[in-house]
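Trainee: Please find the sequence and the predicted model below.
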Amino acid sequence: MSDGLILLPGEDPFYFATGRVPQFPVLLFDPATDPYSPAELVQEARARNIRWLIVKRDLQINTDPTPQREATLKALLHDFTLNKRLQGYDIYRRL
């Protein structure tokens, strides 16, 4: 439970429900709070040894709040591979 992870678009309750401590400086990716370009996000993930990427497929809102979602996923997936598909989520692990 100590492995670092990134949640897209981000879910604060995940950390509380799983007892994890966030190891990435952004917990919610949206146009107002996301300070990273896709390339910077990959650099930060590598620097912080983030091992897991969790991507929520079934959003409760009409518009995906993740800035540059496709470019961000494309950049991150150079380092991550699909590990498991759960209901509504894709779970990736660092290669």
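Mentor: Arrived safely.

Trainee: Just the CA atoms of the helix or strand containing R85, as PDB, please.
Mentor: Using DSSP states H and E, the element containing R85 is strand 80-86. Output of strand 80-86 as PDB, limited to C-alpha atoms (Å, rounded to 0.1, in the frame of the first residue of the first chain):
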ATOM      1  CA  PHE A  80       2.800   2.000 -17.900                       C
ATOM      2  CA  THR A  81       1.100  -1.100 -19.100                       C
ATOM      3  CA  LEU A  82      -2.500  -2.300 -18.500                       C
ATOM      4  CA  ASN A  83      -2.600  -4.500 -15.400                       C
ATOM      5  CA  LYS A  84      -6.300  -5.000 -14.800                       C
ATOM      6  CA  ARG A  85      -9.700  -3.700 -15.900                       C
ATOM      7  CA  LEU A  86     -12.200  -3.200 -13.100                       C
END
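
Trainee: so which strand or helix has Q43?
Mentor: Taking DSSP H and E as the criterion, Q43 maps to helix 38-47.

Trainee: can you check L73 too?
Mentor: Element membership of L73, judged by DSSP H and E, is helix 69-76.

Trainee: between that helix and strand 80-86, how big is the angle?
Mentor: Relative orientation of helix 69-76 versus strand 80-86 (axes from the mean of the first three to the mean of the last three CA atoms, to 10 degrees): 120 degrees.

Trainee: okay, and the helix or strand of the chain with the least pLDDT?
Mentor: helix 12-18 (a mean of 63; mean pLDDT, DSSP states H and E).

Trainee: what helices or strands is the helix holding L73 leaning on?
Mentor: Other helices and strands packing on helix 69-76, by 3 or more CB pairs under 8 Å, 6 or more residues apart in numbering; DSSP states H and E, are strand 4-8, helix 38-47. Placement of C-beta: from N, CA and C, glycine included.

Trainee: Next, the angle strand 4-8 makes with it.
Mentor: 160 degrees.

Trainee: confidence score at E44?
Mentor: We have a pLDDT of 89 for E44.

Trainee: I'd like the distance between it and R85.
Mentor: 25 Å (CB to CB, to the nearest Å).
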